[in-house]
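Q: with the sequence up front, the predicted model follows.
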Amino acid sequence: MTKVNNQWRELEFWLKRRFSVSLPMFKLQKVSVKGLKKTFDQQQTERFERLCDTYSLNHWDEVCSNSEFLGNLCILDILQQHLSPHRPQGPGLDIGSRNFWYAPALQSFVKTSWVGVEVDAHQRYITGHTRKAYANYMMRPFDNMSYQANSLTEIQGSFSCITWFLPYILPEPMEASGLPDRFFNPEALFEHAWNLLAPKGLLFIINQGAEEASHQQALLENKKLHFEAIGKVESVFSIYKKERFGFLVSKE
C-alpha cells in the first residue's frame, strides 16, 4: 500500500461521507419466482422445496431481482446447513453488510431483530443511489431490521448471532474496495465483535479463498477460542466464483 494511493482513498472516503445524499432506490424488474424455478435442476428444486417447508420466504419477491432471490436462497441454504442445529433466537448483527442484499435470508432464518453495519455505506452506484439506500430498500418489508452507516467499533449492545461475510483479514481486498488503510485492523475488529457476542452466542464467519481462511484460522487459534473450521461452504444455489470457507465460533 503506497502513501499516495492511501491519500486518494482517504479523500474519496471523505467525499462519500460529505456528499451522502442518495437518489431514491427503485428496481425496474423484480423476481419471477415461477420463472426462476423453471431454471432449477432437480437438486435445486428439491432443496428449494425443503427450504420453503422450513422457512417463510414472505416478501422476498417484493425487493429481490432474479439474481438476488437466488443469492438469498444460497445464503439461507448455507445458514440452514451450519447454524440450524443451534438456531440462535436473540438479536442478530451482520458485519460488513455492504448493500445488505441478503437481508431477506437473514430475516427468514431467524425472525429476530437484525442490525447491519457497513463502514462504507455511502459508496455510490452509477445509478446515483448509495449502499445505504439499497439496504433500506432490501429491509423495507421487515420492521425489525436496521442498518448502521458506521464502523463496527461504533456498535454497542449484545447479540446472540453475529454473521460476518468476507471480513478484511488480508489488506489487499480492503485496498481494492477503496477503504483507507486505517480501517485495516482485523485483530481489533474481531476483539470488538467478540465483546458484542452474548454468552452462548454464535459468530459465523465466511472467508474467500484458502489464504484468507488460513489467516482467519490463525487469528482464532491465537485467541484460544472454541471454534469449528467448517471447510468449504457450498450450496446448490451457489453464486460464488471463488471458494468460500466457514468458521463457527461459540461463546461458552
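A: Received, thanks. Numbers count the residues shown, from 1 in each chain.
Q: can you pull out the helices in the stretch 51-200 of the chain?
A: In chain order, the stretch 51-200 of the chain shows helices spanning 60-63, 66-83, 103-109, 131-139, 171-177, 186-196, with DSSP state H, counting those that start in this stretch as the criterion.
Q: need the contact partners of the lowest-mean-pLDDT helix or strand in the chain.
A: Lowest on mean pLDDT, DSSP states H and E among the helices and strands of the chain sits helix 3-18, with a mean of 92. Contact partners of helix 3-18, identified using C-beta atoms under 8 Å, 6 or more residues apart in numbering, comprise 120, 122-124, 175, 178-182. For every residue, glycine as well, the C-beta is placed using N, CA and C.
Q: picking up where we left off before, with respect to burial, which of the helices of the stretch 51-200 of the chain scores highest?
A: With neighbours defined by mean count of other C-beta atoms under 10 Å, none of these is more surrounded on average than helix 103-109, at a mean of 26.
Q: packing partners for it?
A: Packing contacts for helix 103-109, counted by 3 or more C-beta pairs under 8 Å, 6 or more residues apart in numbering; DSSP states H and E, involve helix 60-63, helix 66-83, strand 114-117, helix 131-139, strand 145-148.
Q: out of those, which is closest to Ser20?
A: For those, distance to Ser20 was read as C-beta to C-beta. The smallest value, 7.6 Å, belongs to helix 131-139.
Q: poorly predicted segments of this structure, please.
A: Under the criterion of pLDDT under 70, the regions of the chain flagged as low confidence span 1.
Q: which strand of it spans the most residues?
A: For the chain, the longest strand by residue count, based on DSSP state E, is strand 197-208.
Q: that one pairs with which strands, and in what direction?
A: Sheet pairing of strand 197-208 (DSSP bridges) gives strand 159-165 (parallel), strand 244-250 (antiparallel).
Q: residues in contact with that strand?
A: Residues lying outside strand 197-208 but in contact with it, judged by C-beta under 8 Å, 6+ apart, are 78-79, 82-83, 86, 88, 90, 158-167, 169, 173, 193-194, 213, 216, 233, 240, 242-252.
Q: can you check stretch 82-97 too?
A: Residues outside stretch 82-97 that contact it (C-beta under 8 Å, 6+ apart): 100, 103, 106, 109-110, 112-119, 135, 147, 152, 155, 157-168, 193, 196, 198, 201-202, 204, 230, 233, 246, 248, 250.
Q: filter those residues to the buried ones?
A: Neighbour counting with 16 or more other C-beta atoms under 10 Å marks 100, 103, 106, 109-110, 112-119, 135, 147, 152, 155, 159-168, 193, 196, 198, 201-202, 204, 230, 233, 246, 248 as buried within the contacts of stretch 82-97.
Q: and the nearest residue to Phe40 once chain neighbours are set aside, what element?
A: When the adjacent residues along the chain are set aside, Phe40 lies closest to Phe48, with 6.3 Å between them (C-beta to C-beta, 6 or more residues apart in numbering). With elements taken from DSSP states H and E, the one containing Phe48 is helix 42-54.
Q: now the angle between helix 66-83 and that helix, please.
A: Helix 42-54 and helix 66-83 are oriented at 70 degrees to each other (axes from the mean of the first three to the mean of the last three C-alpha atoms, to 10 degrees).
Q: in helix 42-54, what counts as buried?
A: Neighbour counts over helix 42-54 (16+ other C-beta under 10 Å) mark 44, 47-48, 51 as buried.
Q: and that helix, what does it pack onto?
A: Applying 3+ C-beta pairs under 8 Å, 6+ apart, one finds that helix 42-54 makes contact with helix 66-83.
Q: wouldn't Ser151 be in contact with Asp120 here?
A: No: counting by C-beta atoms under 8 Å, Asp120 is not a contact partner of Ser151; they are 9.8 Å apart.
Q: so the two - more neighbours on which side?
A: Neighbours were counted for Ser151 and for Asp120 using other C-beta atoms under 10 Å; Asp120 has more, 22 against 15.
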